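[1] what shape does this take:
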Amino acid sequence: MIPACGADVAAVREGDVMVSSQPSADELLELAVRVARGAADTARRMRAEGVSAVATKSTVTDVVTAADRAVEMQVIAALREVRPDDAVLGEEYGAAAGGVASGPGSVRWILDPIDGTVNYLYGLPQYAVSLAAEVDGVVVAGVVRNAATGDEWTATRGGGAWRDGRRLAGSTETDLGQALVATGFGYDPARRSHQAGVVAGLIAHVRDIRRFGAAALDLCLAAEGRVDAYYEKGLNAWDQAAGGLVATEAGLVFSGLDGAPPGPDLVIAAPPALFAPLHERLAKLDAAGGP
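    Alright, predicted model coming up:
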């Protein structure tokens, strides 16, 4: 069992998590979980103290807080203390604050410090720390921790997806008309308008639509079967790296349209029985199109 750690780098060191230069997926996951738990503690504490230094990024509705930046720097510092040569790609600072992944066996960490920042801003309990480890360009370990609730999902490539000691297997629903489907919307008004049109065309063909506002959590909820499927346009690597591995290891098909890999154009995560009909419907609705 992996014990919880505090918010500082020393907690990682005290836990004796010294990962070898050629780490296994399990070693990387152990480090990721310890670091993500400390980061989630910081995010929750800063939310309780009051959201500060709110700024905007791509649009006036795309917010970033002081906590986003503080949590990202905390995670980078903690990872560097244990694995100083690894690269880090984070939402707020990009690759600027990390090392350089080069050579066989190189590791890159992919981080969303607070996925669901608007929820965080409003005090809604759906915001998460998402941290994945990529080796030679392939995500091999990931953790998503809901900082508000303490819910935590983990996965290693080939080792399954887990929550609270229970292996996840996705939804058993086979009828798209009975499927509860999660999605999300971009910050650009033109993109949201296009995405609203897709929802309008889809909603009569599914049980209902849910929008929780945190892609990493959506992917984990689909992996757990708490929603039957998920799709969204506009995701970045940090939005989907850890949650995508959780979904994949739970047996979901995790893909884009027409065989494309999951990426900014579109991400779909659904059990095999639902993937084909959902994919067909989204293709007809041009879900990957628009701005």
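[2] got any ranges where the stretch 51-200 of the chain has weak pLDDT?
    53, 57, 60-63, 96-102 (pLDDT under 70).
[3] show me where it has its strands.
    Secondary structure of the stretch 51-200 of the chain (DSSP state E, counting those that start in this stretch): strands at 55-56, 63-64, 87-90, 107-115, 128-135, 138-146, 152-156, 160-163, 166-167, 180-182.
[4] measure how far the fifth one is from the centre of its chain, please.
    So the one you mean is strand 128-135. Centroid displacement of strand 128-135 relative to its chain, using CA atoms, centre = their mean, to the nearest Å, is 7 Å.
[5] next up, the contacts around Trp109.
    Trp109 sits next to Ala32, Val75, Leu79, Asp86, Ala87, Val88, Leu89, Gly98, Leu131, Ala132, Ala133, Glu134 when contact means CB atoms under 8 Å, 6 or more residues apart in numbering. Yep, even glycine has a C-beta here, placed from its N, CA and C like the rest.
[6] same deal with Arg157?
    For Arg157, counting by CB under 8 Å, 6+ apart, the contacting residues are Ala25, Val138, Val139, Val140, Ala141, Leu245, Glu249.
[7] number of nearby residues for the last one?
    Using other CB atoms under 10 Å, Glu249 has 24 neighbouring residues.
[8] tell me how far it lies from Leu219.
    With distances taken as CB to CB, to the nearest Å, Glu249 is found 11 Å from Leu219.
[9] select the longest helix from this protein.
    helix 25-49 (DSSP state H).
[10] on that earlier part again, can you add distance to Asp265 and give the strands of the stretch 51-200 of the chain back as CSV?
    Formatted as CSV, the strands of the stretch 51-200 of the chain follow (distance: least, CB to CB, whole Å):
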stretch, distance to Asp265
strand 55-56, 25
strand 63-64, 24
strand 87-90, 19
strand 107-115, 19
strand 128-135, 20
strand 138-146, 19
strand 152-156, 24
strand 160-163, 24
strand 166-167, 31
strand 180-182, 18
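[11] between the ones you listed, which one is nearest to Met46?
    strand 107-115 (9.4 Å; CB to CB).
[12] relative to helix 25-49, how tilted is that closest one?
    Strand 107-115 runs at 30 degrees relative to helix 25-49, counting by axes from the mean of the first three to the mean of the last three CA atoms, to 10 degrees.
[13] paired strands for strand 107-115, with orientation please.
    strand 87-90 (parallel), strand 128-135 (antiparallel) (DSSP bridges).
[14] go through these and pick out the most buried.
    Burial of the strands paired with strand 107-115 is given as mean neighbour count (mean count of other CB atoms under 10 Å); strand 128-135 ranks first at a mean of 29.
[15] quick revisit: which of the contacts of Arg157 has the most neighbours?
    Leu245 (31 neighbours).
[16] average pLDDT for the strand or helix carrying it?
    Here Leu245, judged by DSSP states H and E, is contained in helix 237-249. Averaged across helix 237-249, the pLDDT comes to 98.
[17] and if you look at stretch 219-228?
    Per-residue pLDDT over stretch 219-228 has a mean of 98.
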